[in-house]
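Asks: below is the sequence, then the predicted model.
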Amino acid sequence: MSGEVRVKCGICGRSAAAEEFVLDFDYKKMACPLCIRDKKMKEKIKQAAPDPEAIQDAIHSEKQRSAIRPIDYDKDDEYLERVYKDKIKSAVSVENIDGERVKYRCPRCKYLFIYNTIKNMPANCPYCTSSIVRIRL
């Protein structure tokens with residue numbers, strides 16, 4: 001007997017070692033490693049095959065951008081533009097409440113909670129446990 005505790009997954013019904021389960025904020029419960037792997041694969045497939053409307057919108061916006069780009073616009077500029085857009089998307093949004101507290105929106109899960117800038121509390125997002133970007137006002 002190996003002493004390993006096996007648990008049935010509440011999502012897929014498969015059995016896995018208890019140590020391998022992780023708390024997933026999309027499922028809102030403990031998930032086995034196979035469910036997590038399946039979820040990641042579905043996300044990759046979803047990203048790889050965009051819908052036709054998104055393709056048409058991308059073509060239309062590309063035509064508009066090409067009309068206002070300078071002549072020497074190249075691959076490096078496209079890369080920098082893409083990185084800048086990603087940085088803006090992941091920017092932390094805060095709203096002042098008083099001198100030491102702010103409303104903080106987690107960039108990972110978009111959960112809104114109160115963050116104390118003096119005490120740096122909470123240290124992680126209460127919903128998804130991702131680390132918080134330290135804010136000084």
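Replies: Great, that's in hand.
Asks: pLDDT at residue 61, what is it?
Replies: pLDDT, the model's per-residue confidence, is 68 for residue 61.
Asks: what does the pLDDT read for the residue nearest in space to the middle of the chain?
Replies: With distances taken as Cα atoms, centre = their mean, the chain has residue 108 as the residue nearest its mean C-alpha position (3.6 Å). pLDDT, residue 108: 82.
Asks: what's in contact with the helix or strand containing residue 45?
Replies: Taking DSSP states H and E as the definition, residue 45 sits inside helix 33-48. For helix 33-48, the surrounding residues in contact (Cβ atoms under 8 Å, 6 or more residues apart in numbering) are 9, 11, 12, 14, 16, 20, 21, 22, 24, 26, 27, 31. From N, CA and C alone the C-beta is placed, and that goes for glycine too.
Asks: also stretch 120-130?
Replies: Residues outside stretch 120-130 that contact it (Cβ under 8 Å, 6+ apart): 25, 106, 107, 108, 109, 111, 113, 115, 131, 132, 134.
Asks: can you do 7 Å?
Replies: 25, 106, 108, 109, 111, 113, 131, 132, 134 (Cβ atoms under 7 Å, 6 or more residues apart in numbering).
Asks: same deal with stretch 76-92?
Replies: Residues contacting stretch 76-92 (Cβ under 7 Å, 6+ apart): 107, 133.
Asks: may I have it as CSV, with CA atoms only?
Replies: Output in CSV follows, covering the C-alpha atoms of stretch 76-92 (Å, rounded to 0.1, in the frame of the first residue of the first chain):
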residue,chain,number,x,y,z
ASP,A,76,9.9,46.5,-34.8
ASP,A,77,7.3,49.2,-34.6
GLU,A,78,4.5,46.6,-34.9
TYR,A,79,6.1,44.7,-32.0
LEU,A,80,6.4,47.8,-29.9
GLU,A,81,2.8,48.7,-30.6
ARG,A,82,1.6,45.2,-29.6
VAL,A,83,3.7,45.2,-26.4
TYR,A,84,2.4,48.6,-25.4
LYS,A,85,-1.3,47.5,-25.9
ASP,A,86,-0.6,44.4,-23.7
LYS,A,87,0.9,46.7,-21.0
ILE,A,88,-2.1,49.0,-21.1
LYS,A,89,-4.4,46.0,-20.7
SER,A,90,-2.5,44.6,-17.7
ALA,A,91,-2.3,48.0,-16.0
VAL,A,92,-3.6,48.2,-12.5
